[in-house]
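Undergrad: structure for the following, please:
(one chain, ligands or ions: 2)
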Amino acid sequence: MLKIAHRGAKGYEPENTLQAFQKALDLNADGIELDVHLSADGHIIVIHDETINKMTNGKGFVNTLSLPELKSFLIAEKHEIPTLNEVFDLVNKKCFINIELKDANTLTKVVSLIDEYVSEKNWSYDHFIVSSFDWNALQEVHNFDSKIPIGVLTETNLDLALAFAETIKAKAIHPYYHLLNEENTKEIQAKGFLVLPWTVNIEEDIQKIKSLKVNGIITDFPDKI
Ligand code: G3P
Ligand code: CA
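TA: Ligands and ions are numbered 1, 2, ... in the order given. Model prediction:
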């Protein structure tokens with residue numbers, strides 16, 4: 001059962017910070033999940049929302065701010081917003097990285113960065129899963145490089161997600177965990193896909209989802225799995 005640390009170990013450190021990803025490594029997570037947007041000057045920025053308003057002491061849309069501007073604002077008074085390169089270098093192949101595309105404008109740069117780490121830094125494609133609720137973006141990732149593992153995110157419709165996963169030969173389905181039962185979990189796995197539900201944090205839910213024999217769990221508390 002893969003332990004995947006949601007936005008880093010969000011239960012212990014401010015989400016999507018290098019500290020949260022280091023905490024996930026310290027807790028022996030098998031993977032980390034993170035969210036990406038694009039800055040005004042074209043850097044891949046690791047942050048959940050399209051604005052920095054909730055997480056930092058600044059204000060504004062990520063895509064209207066340059067990297068130096070984004071770096072000048074702090075999360076919980078001390079953490080910088082990381083770039084995707086910085087997270088890759090911190091993780092350094094110690095676990096896999098689930099990159100959730102929150103903005104389709106990130107996809108060509110994410111594909112290029114993955115390809116660079118695979119071809120020049122000896123990473124393997126298995127160190128990555130690219131996921132998104134935006135299935136058009138996933139289709140484009142697949143068109144650019146069909147070797148990149150894809151996770152199809154769904155909050156509402158497993159059947160549609162499964163049909164789409166088949167068309168792009170995805171690696172995994174990432175369902176909202178309330179959609180799962182024993183039967184559909186088995187069906188997805190029988191078709192060759194991993195089942196990686198999110199975001200399971202409460203003990204009772206963790207036990208229930210584990211009993212379905214899913215392949216992994218995306219959670220704020222990887223040590224609870
Ligand atoms: O990747 C699963 C999960 O992260 C999706 O929800 O809002 O936490 O990005 P959210
Ligand atoms: Ca996410």
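Undergrad: hey, let's count contacts and neighbours off CA atoms from now on
TA: Noted.
Undergrad: got the CA coordinates for the longest helix along the chain in CSV?
TA: In the chain, assigned by DSSP state H, the helix with the most residues is helix 107-120. Presented in CSV, the C-alpha positions along helix 107-120 are these (Å, rounded to 0.1, in the frame of the first residue of the first chain):
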residue,chain,number,x,y,z
LEU,A,107,1.9,21.2,-19.0
THR,A,108,4.5,21.8,-21.7
LYS,A,109,7.0,23.0,-19.1
VAL,A,110,6.2,20.0,-16.7
VAL,A,111,6.7,17.6,-19.6
SER,A,112,10.1,19.2,-20.5
LEU,A,113,11.2,19.2,-16.9
ILE,A,114,10.4,15.5,-16.5
ASP,A,115,12.1,14.7,-19.8
GLU,A,116,15.2,16.6,-18.6
TYR,A,117,15.4,14.8,-15.3
VAL,A,118,15.0,11.4,-17.1
SER,A,119,17.4,12.1,-19.9
GLU,A,120,20.1,14.1,-18.1
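Undergrad: show me what the next helix or strand after it is packed against.
TA: Counting by DSSP states H and E, the element after helix 107-120 in chain order, helix or strand, is strand 128-132. Applying 3 or more Cα pairs under 8 Å, 6 or more residues apart in numbering; DSSP states H and E, we find strand 128-132 packed against strand 96-101, helix 135-144, strand 150-154.
Undergrad: what residues does the last one touch?
TA: If I follow you right, that is strand 150-154. Here strand 150-154 makes contact (Cα atoms under 8 Å, 6 or more residues apart in numbering) with 129-133, 135, 138, 142, 161, 164-165, 170-176.
Undergrad: same thing with the second one?
TA: Surrounding helix 135-144, the residues in contact under the criterion Cα under 8 Å, 6+ apart are 101, 104, 107-108, 111, 130-132, 148, 150, 152, 168.
Undergrad: what does the first one give?
TA: Under the contact criterion Cα under 8 Å, 6+ apart, strand 96-101 has outside partners 30-37, 107, 126-132, 134, 137.
Undergrad: what of stretch 172-182?
TA: By Cα under 8 Å, 6+ apart, stretch 172-182 touches 131, 150-158, 161-162, 165, 188, 193-200, 209, 212.
Undergrad: please apply the same query to stretch 15-33.
TA: 2-10, 12-14, 34-35, 46-48, 79-82, 86-87, 90-91, 94-100, 218, 222-223.
Undergrad: among these, which are in helices?
TA: 86-87, 90-91.
Undergrad: pick the most buried one from the helices and strands packed on strand 128-132.
TA: strand 150-154 (a mean of 27; mean count of other Cα atoms under 10 Å).
Undergrad: what pairs with that strand, and is each one parallel or antiparallel?
TA: strand 128-132 (parallel), strand 172-175 (parallel) (DSSP bridges).
Undergrad: fine by me, we can end here.
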